[in-house]
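One predicted model, sequence on top.
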Amino acid sequence: MTQKPLVFIISAPSGSGKSTLTSDLLKLVPNLEFSISYTTRSPRGSEQDGKQYHFIRMEEFDRMARDGEFLEFANVHGNCYGTARRYLREAGKNGHDLLLDIDVQGAAHIKQTLTDAISIFVLPPDRQTLEWRLRNRSEDREEVIQRRLVNASREISEYDKYDYVLINDKLEIACEKLRAIVLSERLRRSPLPRSEEDKKKIEVAECCRLANVRAKVQPILASFRGEGPPAHL
C-alpha cells in the first residue's frame, strides 16, 4: 500500500534565502520532491522555465484554475501563482514526500485542504539584513525593493500560523536545521526505534518549533517596526 506523502510548506519574505535553502535541502534529503509553482510573471535574472517556476500566460493559468488543476492559487503583487495537484499525486506514486515553496496566502489555503501539512516559515535576522540582501541581488528597481520590504513587514506578522520558524542568519546552520525538521517529521511517522542520531535530529527540530522560538522572533519583528537598534550591523 502506498504511504501518504508528507507535505512540507516553506514560506518566507522575498530575500530571506528561501530558494537557496530549498535547493540545498533537496540535495541533502533523499526521496523529497519539489513542487514547481506555475506563475504568470516573467522570469527574473537567470531563472529558467521548469526549474524555478513554470512560466505561463494568463490564459493558460485561467484554464488550469477552471479545470481544478491547482491545489491552491492566488494573485500576489499583481502576478498569479498556483500549486499543481499533479505533484502531490506523483510524489505519492513514487513513495516520496513533497516540498512546496509558496507565500503566506497560498500556505493558508493549502493548510485548509491538507490539514496535516507541515509548515515552515523562514525569517531574515532583521530588516536591515533583508534590505541588504535585496539590494545585493541587483535584480530589482528601487521602488520594487521598497515594495518588497513593505510586503515583508506584512508577511512576517503571519509567522505564528506556522509549525516551525527558521531564522536564516547563517545559511549553513539554517540549512542543517531545515534538514533536521524534515527528517524528524519522518521519524515521528516511523515505527522503528530511534537511534541517538535520530534523537539529536528531533532535538534540533524542536528548537525551531513555534512555541520554542517566539522570544527570538520578537527582536526581528521590532526591527521591521523600526523599534530599537538593528539586531545585526
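Looks like it came in fine.

Now for Ala108: which residues touch it?
Lys161 (Cβ atoms under 8 Å, 6 or more residues apart in numbering). C-beta here means a position set from N, CA and C on the backbone, and glycine is covered the same way.

quick check, it in a helix?
Yes - according to DSSP: H, G, I helix; E, B strand; the rest coil, Ala108 belongs to a helix.

change the start of the numbering to 16 and stick with it
That works, and once the first residue is 16, the last one we named lands at Ala123.

Buried residues, the longest helix along the chain. List them.
With secondary structure taken from DSSP state H, the chain has its longest helix at helix 186-204. Neighbour-count burial for helix 186-204 flags 189-190, 192-202 (criterion: 16 or more other Cβ atoms under 10 Å).

Let me know the helix or strand that Glu75 is in.
Glu75 belongs to helix 73-81 when assigned by DSSP states H and E.

for that helix, packing partners?
strand 85-91, strand 94-99 (3 or more Cβ pairs under 8 Å, 6 or more residues apart in numbering; DSSP states H and E).

Quick check: which of the ones you listed is buried the most?
strand 94-99 (a mean of 21; mean count of other Cβ atoms under 10 Å).

With only the CA atoms kept, save that one in PDB.
Written as PDB, here are the backbone C-alpha positions of strand 94-99 (Å, rounded to 0.1, in the frame of the first residue of the first chain):
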ATOM      1  CA  ASN A  94       1.000  38.200 -10.600                       C
ATOM      2  CA  CYS A  95      -0.700  34.800 -10.300                       C
ATOM      3  CA  TYR A  96       0.900  31.800  -8.700                       C
ATOM      4  CA  GLY A  97      -0.500  28.200  -8.400                       C
ATOM      5  CA  THR A  98       0.400  24.800  -7.000                       C
ATOM      6  CA  ALA A  99      -0.500  21.900  -9.300                       C
END
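
and that strand with strand 85-91, angle?
170 degrees (axes from the mean of the first three to the mean of the last three Cα atoms, to 10 degrees).

Quick one: residues in contact with the helix holding Glu75.
Tyr53, Thr55, Ile71, Phe85, Phe88, Cys95, Gly97, Ala99.

farthest pair in these?
Thr55 and Ala99 (14.2 Å; Cβ to Cβ).

low-confidence ranges in the protein?
Within the chain, the ranges that satisfy pLDDT under 70 run 16-17, 153-154, 242-248.

give the contact list for Thr37.
Thr37 touches Ile25, Phe49, Leu114, Asp116, counting by Cβ under 8 Å, 6+ apart.

number of nearby residues for the first one?
Okay, so that is Ile25. 25 (other Cβ atoms under 10 Å).

Ok, the second one next?
For Phe49, the tally of surrounding residues (other Cβ under 10 Å) stands at 17.

gap between the two ends of stretch 62-78?
24 Å (Cα to Cα, to the nearest Å).

how far is it from where the chain is centred?
For stretch 62-78, the separation from the chain centroid amounts to 19 Å (computed by Cα atoms, centre = their mean, to the nearest Å).
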